[in-house]
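Student: The following block contains a protein sequence and its predicted model.
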Amino acid sequence: MSTKWLKTLGTGLALTIAASTLSAETLRVATDPSFVPFEMLDQETGEMIGFDMEIIAEVSKRAGFDYKLNTMDFNGIIPALQTGNVDIAIAGITITDEREKIVDFSDPYYDSGLRILVRQNNDKVKEITDLEGLKIGSKIGSTSYDFLKKNLDKNNGVTPYPGSSDMYMALMSGAVDAVFYDAPNVGYFASTKGKGKVKTVGKLYEGQQYGIALKDGSKWVGAVNEALASMKEDGTYKTIYEKWFGPMPEGK
């Protein structure tokens, strides 16, 4: 094999790689900046960090796209996908039949549910029926808010908040008696900023699964699913999971 041919081959490969890099599509990814520890703003660096942020970074590499991150309130994410203002969203989004009618979802990447959070000295609230007639904070546009409205006869005290930090502040100040929201989020708050002040009680309600949402008809669904599957297979998913949530449950 001639040196000239090798040189030509090397140049060709370099050009192919460069072209591939240049042609990588840049997708607009939406997230909610207040769903700790899935996505949150690092006050020191000004960058978004969290479980979801590490998941989407790894997925993008394996699926073959670049991305630009857009932050917005949770209740604006699905409409943004519908209108095509964003291409993908990752924000602890529960896969529901209603949402699947208007957007595409990846395979589930996180098993979740809903849980009750109360002040540390509250020994009266132990299950969902104990919330009847109380002031309860939840997040606007979330499945937890819908669950409360459907399952409590006396639900006039259910208050939707735009961000999770707002409802936690309301709980600690006494403005609400309890918070009902996604289990990983309330659990993280109870073990960090709310430690010794609030506690989770009762069982896990309405088992849920989070998925990466994509605009309807997206060509990236298959590639995203393949990326998630390979992450779970080679242990990358487990490493990211345990960084943010501790030991991974058996069978996950």
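Tutor: Sure thing, it's come through.
Student: mind listing the helices for the stretch 1-150 of the chain?
Tutor: For the stretch 1-150 of the chain, helices defined by DSSP state H, counting those that start in this stretch occupy the ranges 3-23, 51-63, 77-83, 97-100, 143-151.
Student: mean pLDDT lowest for which of these?
Tutor: Mean pLDDT is lowest for helix 3-23 among those, at a mean of 42.
Student: number of nearby residues for residue 62?
Tutor: Counted with other C-beta atoms under 10 Å, the neighbours of residue 62 add up to 16. No exception for glycine: its C-beta is placed from N, CA and C like everyone else's.
Student: what about it, distance to residue 230?
Tutor: The gap separating residue 62 from residue 230 is 6 Å, by C-beta to C-beta, to the nearest Å.
Student: any shared contact partners between those two?
Tutor: Common neighbours of residue 62 and residue 230, using C-beta atoms under 8 Å, 6 or more residues apart in numbering, do not exist here.
Student: centroid residue for the protein?
Tutor: The residue lying closest to the centre of the chain (C-alpha atoms, centre = their mean) is residue 92, at 2.0 Å.
Student: Let me see the contact set for that residue.
Tutor: With contact set as C-beta under 8 Å, 6+ apart, residue 92 has these partners: 32, 35, 38-39, 52, 110, 112, 182, 184-185, 210.
Student: Try it again at 10 Å.
Tutor: 31-32, 35-39, 50-52, 74, 110, 112, 142, 182, 184-185, 208, 210-211 (C-beta atoms under 10 Å, 6 or more residues apart in numbering).
Student: do the same with residue 25
Tutor: By C-beta under 10 Å, 6+ apart, the contact set of residue 25 is 64-67, 87, 219-220.
Student: Which among those count as buried?
Tutor: 65, 67, 87, 220 (16 or more other C-beta atoms under 10 Å).
Student: of all those, which two lie farthest apart?
Tutor: With C-beta to C-beta as the measure, no two of these lie farther apart than 67 and 220, at 10.5 Å.
Student: so how far is residue 40 from the residue nearest to the centre of the chain?
Tutor: 11 Å.
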